[in-house]
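# Sharing a model prediction with you, sequence too.
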Amino acid sequence: MSLTGSRFSGRGAWLPSRTGLLKGGRVVATLAATLLGLLLITFLIGRVMPIDPVLAVVGERATNEVYEATRKAMGLDQPLIIQFFTYIREVVTGNFGTSLLTSRPVIQDIARVFPATLELATVATMIGVALGIPAGVLAAVHQGRWPDHFVRLIGLFGYSMPIFWLGLVGLLVFYGKLDWVAGPGRLDVFFEDVVPQVTGVILIDSLLAGDLEVFTNALSHIILPASVLGYYSLAYISRMTRSFMLEQLAQEYITTARVKGLSETRVIWGHALGNVMVPLITVIALSYANLLEGSVLTEIVFAWPGIGFYITNALLSADMNAVLGGTVMVGIVFIGLNLLSDLLYRVFDPRAG
Amino acid sequence: MSKLTSAWAIGLLAAVSLTAPASFADTPKDTLVVATTIDDIVSLDPAEAFEFSGGDLLQNTYDHLVEFDPMDLSAGYQPGLATSWTVSEDGKTFTLTMREGVKFQSGNPFTAEDAEFSLRRAVLLEKTPSFILTQFGFTKDNIEQTIKATDAKTLVITTDKKYAQSFVLNCMSATIGSIVDKKTALEHEKDGDMGYEWLKTNTAGTGAYSLKTWKPNESYVLEANAEYWRATPAMKRVFVRHIAESASQRLLLEKGDIDVARNLTPEDIAAVAANGDLRVDEDLRGRIVYMSLNQKKAPLNDPKVIEAFKWAIDYKGMTETILRGQYTVHEAFLPLTYLGELKDKPYTLDIAKAKALLAEAGHADDVAVKINVRNEPSYMAMAQAIQGTLTEAGIKVELTPMTGKQSLGEYRAREHDIYLGAWGPDYPDPHTNADTFAHNPNNSDEAKLTGKLAWRNAWDIPEMTKETEAAVQEADRDKRAEMYRAIQKEHQMTSPFVVMFQKIEQTGLRKNVENLVTGSAISSVYYWTVTK
Amino acid sequence: MTDGSDASSVRGLGVWLTSETPSSPLQARCIQIYLGWLGLARNPLAMLGLAIVVALILAAIFAPLIAPYDPIAQDLQRRLLPPGTPGNLLGTDELGRDILSRLLYGARITLYVVALVVVTAPVFGLLIGTVAGYAGGWVDTVLMRFTDVFLAFPRLVLALAFVAALGPGIGNAVLAIALTSWPPYARIARAETLTIRNTDFISAIRLQGASPLRIVVGHVMPLCLSSVIVRVTLDMAGIILTAAGLGFLGLGAQPPLPEWGAMISTGRLYILDQWWVATMPGLAIFTVSLGFNLLGDGLRDALDPRSGR
């Protein structure tokens, strides 16, 4: 897991250091090159896998005739380069092929599992923001005293905890022993397919359908995995908030405001925090992108049917189309969020570029 | 703590307490909720489905020409969609009379034409399990004559040779013998695929249930067919949910969120058995666990080394500890309860003997092998225990855990040293396992008889191959059983297969669930018999 | 720092290290490090981290001496015993192996992974970054685009894919982690190089006719080193966690190796009644990662006062 603040410190360099706002065409060209590289790497990984994709289709008992016929049908007898171009051509038209595991188009599978990850990452980010920002402010205000050390330690704990282990222990305590939350999965089985699927995000769909029972059930399922995941974004957000706030609190206008007799609460929560909101938004976007990654192990522990769960299962069963489609999809979202955070930073922060 | 933080903390606590009554007292009276693993389902087309959980699903949505009585599985096959049959003098032509008044879930009436269509398409589609039918000589070119509906209620099947009658009919009870609704399948036909693309994700049978939804790796929901010809299912809906973790299954069962948990570890079974609201059912299944030595790799082809392996395994110790209650020691390739079963257990743990044999063979301390094993908890535990005793005997072992599909590639290419895995019978006739463990007509690499375990381990057995071929044609039941026993005894002594265990399925249930049949060694799970 | 046996040399060294007018670049460097150490030593949390890391190294080195049992010796009759059982301080696992012994030997695997990644990824990143930064132009563009492609993947997903392609095993896990963790180093090194490139110091060397290769390897790379080292220390916890994650998924070290992540993975089967099987290795991973994080955090404060604010 690399949900570390240090990732951000490297980020300044990741912003192209050339001058001015990125020009539209340049952004597109950069994106295209990156995407092509992404496709190439996933494709190569897929082709050197020791798992035989044909066997994944035909199973253990297939005779050799069945095996060869299937191999041809899958186009695996073609030279690699042809396979790659076929793949690119299909991907450009939005066709990732059919998943072996589910017998459905991969794009359809992704549309089904992606909202689950989105839901988890969003709730986790909300928890991270809601607790991380106040904690960071607190630490900055009491710099060097125990609240500062406390917040710092909480953050370091977050960076040091194996997420899958935290999830397991959480399940054991809060579900197994205390029975405060619901168990693995997104919903109890009876509630599945009760509300019509509009967005694929159950918390929203159930509210749209006005079904509070489903909403409550979904909430009791998401609260634990989201808290586990949110802890990581909390650690990151609180650290960044602290450092932004320290910078602001040293500014002259703060002293002026204090001299003018404004209450300390107003100075800190109104003026200073207001000014760090802009860089914080970019931090939040970044942490959101990182949660996509953190969600892989969390989804496995909580049997959360999201994209991480999907990719891992596909990987272990040589479901090549699903692996490639899923990885490319995650890559695209990841690139998108990073780009967004860079752009936000550039647009709002006059000092950058 | 700041005001904002505490406000959030309170909000969070409120959200948690709001959801606190997370568990519900019980599942609805007419609904069965099952936790199991369903991630092996690849296709729902009966001509293709070949995995355990696919078999479970299709068992409940399709019927076969012959069926088993779930309440008395040992009675063998009974009339199913065929009410009666006659066999010609030469033993090659089967004339089956179809049951009348049976309807598909679509409402279409069932006729001999559907039976003809289903068996023919299974041959034509040439998917993996098609060998179960083609072993009777059906081919693309002759099915017009060999599988034929002569009128709406008569189906005539002609085999290429004379086979034991029970062998032919047993094969008809396998998943590939499922009868598909011809009209519905053809309505969804694409490019002459006989409805294959559609049937991969949908069902069209006469079974007790129809498939309402299927979310791969997540869950499926079955809805009862109120007009089912055998009985009206008491469970109107069956929810089957994929839950891989034993601990999660047990928690859900204890809380009453599910009725049935099918993948519990021995530790969790013990806890379920001790719980007054729950019960454990046991059922001897057909799966055999074995270890096989590739005969292409010296010194694994030395008879003394092979025998040493057989003495260096703690069969009993494993079934009493890591496999407690889940496997029984079984050392012959036919599952118990099969015709010709052999109960002899010639081997036990004897490290001294294993060492002596290795020394005799001149390989006292220089055997180093790799064992390929499926990366699943129970297999990994077995593999590590085996690694422990083999090491004591002076054999160096490296484990290479792989996903099922990874290890198969190497296995089928005959590149492994040792493979540790399981084999489940494909149909309820002894030939299913004899054909794979004791039949290898051509041991050359070019033959690529990848479906046969004897070939995969490069075990050249011209004599035993003949014996197996003779056994499958023997009409006399007792004689046939005796032949299989003789083959197995020879197999135990000479084969490079160390057959170790047979699976016992332990199912955890809520106390009120009755008559859940998991299928024993010959069939799959039945939901229509369940009451609560 | 010193063996303390020769008082005058200690004093002499002390003076040399605290001199305000260093007479050579080497002395300047040493002074910087010494002052950094003084800063670090004042930070109790960093010292705690250092103690944990030292304990890890000692445990790894002396595992055969301190471990009560062979970490892979099974005893099926003594399986799943709770912590505190005589003879098995932390209990036994599902095959009756002593958990304490497995944790101690597991420290070797953890250290092995960290060490291997640390000597490969940063070196590769440093090379790419300095060359890109020094050369500029199309070389820079190509190399950085290459780096961006790798940065565009979530790390764990990419590592997963690599291990799946290479096959499970500790060596391949290390390779996968190294392959996915070099890009940030390349970024840092490039940024540093850009600032160093145009200094008078480098210009002077260039005027003396040194080859670009020599300038990069001999002068630019050493100057980038300190920021990379801080980053590496901070990344170590991440490396440990990623390795454990791969082990948890069954893609890292293979049985019977006592890798901590894999131990959690098998332990989760028993989590309801035998909580210790999964909990003990979890605590070990947590403690060690925390150690590296505390140390790295302290190091950053000491060496780079700006970021500590």
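Right, received. Where do you want to start?
# Low-confidence stretches in the stretch 351-500 of chain B?
Within the stretch 351-500 of chain B, the stretches with pLDDT under 70 are B:403-407.
# need the residues of it near chain C, please.
B:375, B:377, B:380-381, B:383-385, B:387-388, B:399-402 (CB under 8 Å from any CB of the partner chain). All C-beta spots, glycine's among them, are computed from the backbone N, C-alpha and C.
# Check the residue lying closest to B:Gly80 once chain neighbours are set aside and give its pLDDT.
Nearest residue to B:Gly80, sequence neighbours excluded (CB to CB, 6 or more residues apart in numbering or on different chains): B:Glu67, at 3.3 Å. Note for B:Glu67: predicted pLDDT of 95.
# got it, and B:Ala208?
96.
# before we move on, what SS does the residue nearest to B:Gly80 have?
Here B:Glu67 is strand, with the state taken from DSSP: H, G, I helix; E, B strand; the rest coil.
# Over to A:Asp77?
From three-state DSSP, the assignment for A:Asp77 is coil.
# quick revisit: so how far is B:Ala75 from the residue nearest to B:Gly80?
As for B:Glu67, its distance to B:Ala75 is 11 Å (criterion: CB to CB, to the nearest Å).
# Those two: which has the busier surroundings?
B:Glu67 (18 against 9; other CB atoms under 10 Å in any protein chain shown).
# Could you pull up the residues touching the more buried one?
By CB atoms under 8 Å, 6 or more residues apart in numbering or on different chains, the residues touching B:Glu67 are B:77-81, B:173.
# now do A:Phe157
The contact partners of A:Phe157, by CB under 8 Å, 6+ apart, come to A:235, C:286, C:290.
# C:Asn293 now?
So C:Asn293 contacts A:156, A:159-160, C:49, C:234, C:237 (CB under 8 Å, 6+ apart).
# redo that, cut-off 7 Å
Taking CB atoms under 7 Å, 6 or more residues apart in numbering or on different chains, we find C:Asn293 in contact with A:156, A:159-160, C:49, C:237.
# List just the nearest of those to chain B.
Proximity of those to chain B (CB to the nearest CB) peaks at A:Leu156, which lies at 19.1 Å.
# Next, that closest one: secondary structure please.
helix.
# And for B:Lys140?
Three-state assignment for B:Lys140 (three-state DSSP): coil.
# from memory it sits against B:Leu124, does it?
Yes - B:Lys140 is within contact range of B:Leu124, at 6.1 Å (criterion: CB atoms under 7 Å).
# Look at the two and report which has more neighbours.
Taking other CB under 10 Å, B:Lys140 and B:Leu124 do not tie; B:Leu124 has more neighbours (18 against 11).
# wait, is the more buried one part of a helix?
Yes - looking at B:Leu124 with three-state DSSP, it is inside a helix.
# Tell me where the model's unsure across the stretch 1-150 of chain A.
In the stretch 1-150 of chain A (pLDDT under 70), the answer is A:1-25, A:49-51, A:56, A:59-61.
# those helices in it, which residues are they?
Taking DSSP state H, counting those that start in this stretch as the test, the helices found in the stretch 1-150 of chain A are A:5-9, A:11-14, A:24-48, A:53-58, A:64-73, A:80-92, A:106-141, A:146-160.
# export these to a markdown table and tack on distance to C:Ile61?
Listed next are the helices of the stretch 1-150 of chain A as a markdown table, based on distance: least, CB to CB, whole Å:
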| stretch | distance to C:Ile61 |
| --- | --- |
| helix A:5-9 | 29 |
| helix A:11-14 | 37 |
| helix A:24-48 | 37 |
| helix A:53-58 | 44 |
| helix A:64-73 | 51 |
| helix A:80-92 | 47 |
| helix A:106-141 | 38 |
| helix A:146-160 | 23 |
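# Give me every residue in the stretch 201-350 of chain B lying close to chain A.
B:201, B:213, B:216-219, B:239, B:241, B:243-244, B:248, B:251-252, B:257 (CB under 7 Å from any CB of the partner chain).
# which of the contacts of B:Glu67 tops the neighbour count?
Of all those, B:Leu81 has the most neighbours under the rule other CB under 10 Å, reaching 27 neighbours.
# residue contacts, that one?
B:63-65, B:98-99, B:102, B:110, B:115, B:179, B:206 are the contacts of B:Leu81 under CB under 7 Å, 6+ apart.
# of the residues you listed, closest to chain C?
Nearest member of the contacts of B:Leu81 to chain C, counting by CB to the nearest CB, is B:His64, at 36.8 Å.
# What about the closest residue to the closest one other than its chain neighbours, how many residues nearby?
Closest residue to B:His64 apart from its sequence neighbours, by CB to CB, 6+ apart: B:Gly177 at 4.6 Å. Look at B:Gly177: counted by other CB under 10 Å, it has 26 neighbours.
# doesn't B:Leu65 make contact with B:Gly177?
Yes - counting by CB under 7 Å, B:Gly177 touches B:Leu65, with 6.3 Å between them.
# Max pairwise distance over the contacts of C:Asn293: which two?
Maximum pairwise distance in the contacts of C:Asn293, criterion CB to CB, is 12.1 Å, between A:Tyr159 and C:Gly49.
# In contact with the residue of the stretch 351-500 of chain B at minimum distance from chain C, which residues?
The nearest approach of the stretch 351-500 of chain B to chain C comes at B:Gly388, 4.3 Å away (CB to the nearest CB). With contact taken as CB under 7 Å, 6+ apart, B:Gly388 is in contact with C:Gln74.
# any idea whether it is helix, strand or coil?
Counting by three-state DSSP, the backbone at B:Gly388 sits in helix.
# Could you do B:Met291 as well?
strand.
# excluding its backbone neighbours, what's nearest C:Ala278?
That would be C:Gly267: by CB to CB, 6+ apart, it lies 3.0 Å from C:Ala278.
# any idea which helix is longest in chain C?
Across chain C, the helix with the greatest residue count (assigned by DSSP state H) is helix C:99-135.
# is that helix up against chain A anywhere?
No - judged by CB under 7 Å from any CB, helix C:99-135 stays clear of chain A, getting no closer than 8.8 Å.
# Of all the residues in that helix, which ones are buried?
For helix C:99-135, burial by neighbour count (16 or more other CB atoms under 10 Å in any protein chain shown) applies to C:99-114, C:116-118, C:120-122, C:124-135.
# circling back to that earlier point, roughly how far apart are the residue nearest to B:His64 and A:Gln83?
Applying CB to CB to B:Gly177 and A:Gln83 gives a distance of 38 Å.
# How about B:Ser444?
31 Å.
# Same question for B:Asp63.
Taking CB to CB, one finds B:Asp63 at 42 Å from A:Gln83.
# about what we covered before: please list the members of the residues of the stretch 201-350 of chain B next to chain A that lie in strands.
B:213, B:219, B:239, B:241 (DSSP state E).
# contacting residues for the closest residue to the last one other than its chain neighbours?
Nearest-residue entry for B:Arg241: B:Ser219, 4.5 Å, with adjacent residues in sequence omitted and distances by CB to CB, 6+ apart. Applying CB under 7 Å, 6+ apart, one finds that B:Ser219 lies in contact with A:189, A:192, B:239-242.
# between these, which is nearest chain C?
Closest approach to chain C among those (CB to the nearest CB): B:His242, at 16.9 Å.
# tell me the secondary structure for the residue nearest to the closest one when sequence neighbours are not counted?
Leaving aside its chain neighbours, B:His242 sits nearest to B:Ile38 (4.6 Å; criterion: CB to CB, 6+ apart). Three-state call for B:Ile38 (three-state DSSP): coil.
# now swap in B:Val34 and tell me
strand.
# who touches it in this structure?
B:Val34 sits in contact with B:238-241, B:258-260, B:262, where contact means CB under 7 Å, 6+ apart.
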